[in-house]
Every structure is written in C-alpha cells, then in structure tokens.
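curious how this folds, go ahead:
(4 chains)
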Protein chains: 2
Amino acid sequence: MALGKDYVTQECSIARALEIVGERWTLLVVRDALYGVRRYNDFLVHLGIPRAVLAARLQTLTAEGILEKRRYQESPPRDEYLATDRAVALWPTLRSLGLWGRQHFGEAPLRYFRHAGCGTELGPYGECPACGIVVPVKDVLMEPGPGLDPDPADPVSRALLRPKLLLRPIGTDRV
Amino acid sequence: MALGKDYVTQECSIARALEIVGERWTLLVVRDALYGVRRYNDFLVHLGIPRAVLAARLQTLTAEGILEKRRYQESPPRDEYLATDRAVALWPTLRSLGLWGRQHFGEAPLRYFRHAGCGTELGPYGECPACGIVVPVKDVLMEPGPGLDPDPADPVSRALLRPKLLLRPIGTDRV
DNA sequence: GCGGTTGGTTCAATCACCGAACCGACCCTG
DNA sequence: CAGGGTCGGTTCGGTGATTGAACCAACCGC
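Just a heads-up that it's a prediction; the model follows:
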C-alpha cells in the first residue's frame, strides 16, 4: 500500500494491518492460501487476478512473512507458496469477515466450516460449540454449501468442491 | 470497488464483503465510526483522507446501510454519520485484524479494550474472560495504551486519548 | 524439433487516489 | 451590513496503481 499516502499518521494496529493486507486482492490471496492453494497458476485461475498483480502480491506477502516460498521440485525449478503462522493467524479475521458478508449481503451459505473432529459447524469466532474449544485451522473441515456453483469452470474451484481440511494442498487432479 | 474488474467471479462471502469494505480507507472510516466519530470534519482531520475520497466513502457506506446519515441541526443544516448494526457487526473483524497487526507487526499496545462492567481486558474475540460473555460493542471501554502519542496534533485524536465507550460520540471540546 | 506447462516480465490504457483550490450556506463580530 | 470563519462538500490536474494482453525463458514429453 503506497498510493502517495500511507496510513502512517494513524496510530492504530488496524491501520498497520491494513498497510500489509489492505491492498486489493491481498486478502483473497491469503484466503486461497489457507484453502490450500499453493501454486502461481492455481492462484491465477482461481482468482482471475492479473498476472503482474499476483506476482507483486506474492512477493510482498512473502517479504512480510505471511507466505513462504518453497521449492518443491528442482527440474524444472518450481516453487510453491505456503501459508505461514502469520497467514494462519488471519483466519479469525477472514472468518468473521466472511460471516459478516454472508449475514448482511449474501443469500445461501457458500461454504460450511466444521470441526473435523466432531462435524459441528463452527461458531462465529472459529470455535466449536460442541467441544467448547477454538478449533485449530488445520482441523477445520471446509464443505461446499448450497449457494455454490456445482460445476465451476476452473479446476481449482472444482477441487474446492470436495470437502477438505484447511491448509491441506488441493488435489487438482491435473491432467 | 470497481476497477474494470471486481470480485464477481469469486463465489465467496469474503469477496462479497471486500467488495463493500475492501476499498482503501473504508475500514478505517468504519473503525472511526465505532470509535464515536460522526462528523465529516472529524473523519477528515483524524484520518488525513482526501476530502473527495471521504465524501465518496461516506456515500457508499450510507448506501450499503453501514452508516446512517442523520440531520442533527437545521440551521445551518448539518448531518452526522452514525454506525448502524452492520457497522457494529464489523467489530469482531476489526478487533481481530487489529490484534493481528499488533501481534505480528506492532510493538507496544496502542489501545486497550475492556469490558466496561468489570474492567477486564477483552479476549481475542471480543469476549470478557472474567464474565464469560461476548461484550456488546456499546459496553466496550477504550483506553489509550503506552504506544500512543500523548500529545497528538488533531483534536479528534486528543479526544480519543480519554477513556470512552465505543459508539459514544466523541466530545471534541471544540472551541 | 515441436507443442505444452509453468512462472513470470513488459507495456500501453484505464482507473482510482491525491492535494489543492474553489464554493455555497450559514454563523458571528464589529 | 461587510468581513471573516466554519462546515460540508465539489472540481480538477497530476500521479500512481490496476488491468489485460503480449511476450519470454526454462524445461518437459514425444
């Protein structure tokens, strides 16, 4: 975020956070990372983001320690971007933001998030009402809801139709 | 948010939410509204936002039902912008975002948020650890922390140095 | 040798944001 | 009743970010 003026005058942790994740697309990239998207091309087709912007966001997110660039094969050299603890720590924010969007502007739920251990749907703060604990992100099970297009075009959306644990890499079933 | 391309392809409540509050400055305007800022000029000096951008944000936030424009005096005609339920519903998001910013990128806490009833500092989800309840926004007491500039320039920041309940209008002690 | 995949970079056009100036309605003061 | 101040904007030129399309390079499999 640097558009002539940043939020430096704001003495506020919210402003500090928005300096880093407040740019366009950035929070959606983090969301996808938590959903298990890891590769440049998968982010690209799933988000419909311009390539240059995606490259810039991945770079700043990596520089800020929110994603981690890791080589997963040597020949040809290929890197993937993994969600770090800082990205995982954004889960409550993303969860409450999504809940707000659905309750005030959405219709049918698009995705359900459950406690993988017991199947109970998460409460507003990511807690499991049945178990009385805050569910770790890796134990959150994501399932498609009724509002979701059952036959999306891109393979990443299609992979996300199947129930999956957050942070687990998507199995795109590439051909 | 309309820059040639919006987030319409995203079937996601987070994307829906970001369409509305994802633009630059928007979440800071909502934050200020929760802090008790109500007037155009107070937003202006506190945020340091360009006038045209502020006018645009206030208009869209009003149109989306997040703020409510209300006349508070007739002559000269003056309006104020009040936080609606939709703005209040963003409190968990702002709270967790601010917490994330402080824990990962901040140093000393800038503001404390306490349960007005018992004085206990709020937990990460806006709950009172002592009382075991989620504290309603109007019962949240905001107090300055050690990291805050003790003598800020603008009168709104100065007014926010005193402990105050969220949503209560700031007393700017205007001359 | 050829086409395909992956992960980018470059570039012109467009759009949003910035800062400063201007404006109109109203008030208060002398 | 003229002059200055406040409040809540609008207008406008300049700058910077975003976009979409094109290009590119390394490598693979055939």
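
what ranges do the strands span in chain A?
With strands called from DSSP state E, chain A shows them at A:67-74, A:77-83, A:111-115, A:127-128, A:133-134, A:140-144, A:164-165.

nearest to DNA strand D, of the ones you listed?
Ranking those by proximity to DNA strand D (Cβ to the nearest atom of the strand) places strand A:77-83 first, at 6.4 Å. (Glycine included, C-beta is placed from N, CA and C.)

which secondary structure elements does the closest one contact?
Applying 3 or more Cβ pairs under 8 Å, 6 or more residues apart in numbering or on different chains; DSSP states H and E, one finds that strand A:77-83 contacts helix A:26-35, helix A:40-47, helix A:51-63, strand A:67-74.

so where's chain A uncertain?
Chain A contains residues with pLDDT under 70 at A:1-6, A:8-9, A:172-175.

of all residues in it, which one is nearest the centre?
By Cα atoms, centre = their mean, chain A has its centre lying nearest to A:Arg31, at 1.2 Å.

if we can go back for a sec, hey, which of the helices and strands packed on strand A:77-83 is tucked in deepest?
Highest mean neighbour count of the helices and strands packed on strand A:77-83: helix A:26-35, a mean of 23 (counted as mean count of other Cβ atoms under 10 Å in any protein chain shown).

is chain B within reach of that one?
Yes. Using Cβ under 8 Å from any Cβ of the partner chain, helix A:26-35 reaches chain B at A:27-28, A:31.

what do you get for stretch A:46-57?
Yes. Stretch A:46-57 comes into contact with chain B (Cβ under 8 Å from any Cβ), by way of A:47-48.

hang on, the earlier thing: rebuild the residues of helix A:26-35 next to chain B as CSV, extending it with distance to DNA strand C.
Below are these laid out as CSV (distance: Cβ to the nearest atom of the strand, whole Å):
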residue, distance to DNA strand C
A:Leu27, 15
A:Leu28, 16
A:Arg31, 18
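
other SSEs contacting the lengthiest helix in chain A?
Secondary structure of chain A per DSSP state H: the longest helix is helix A:91-105. Counting contacts by 3+ Cβ pairs under 8 Å, 6+ apart, helix A:91-105 is packed against helix A:26-35, helix B:13-21, helix B:91-105.

please redo it, this time with the cut-off set to 10 Å
Here helix A:91-105 touches helix A:13-21, helix A:26-35, strand A:111-115, helix B:13-21, helix B:85-88, helix B:91-105, going by 3 or more Cβ pairs under 10 Å, 6 or more residues apart in numbering or on different chains; DSSP states H and E.

tell me the domain boundaries of chain A?
Domain assignment for chain A by automatic domain parsing gives A:13-85, A:90-165.

would CSV of those with distance to B:Arg102 be doable?
What follows is those, written out as CSV (distance: least, Cβ to Cβ, whole Å):
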stretch, distance to B:Arg102
domain A:13-85, 4
domain A:90-165, 13
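
out of these, flag the one nearest B:Val135.
domain A:90-165 (12.8 Å; Cβ to Cβ).

first to last residue in that closest one, what's the distance?
Using Cα to Cα, to the nearest Å, one end of domain A:90-165 lies 17 Å from the other.
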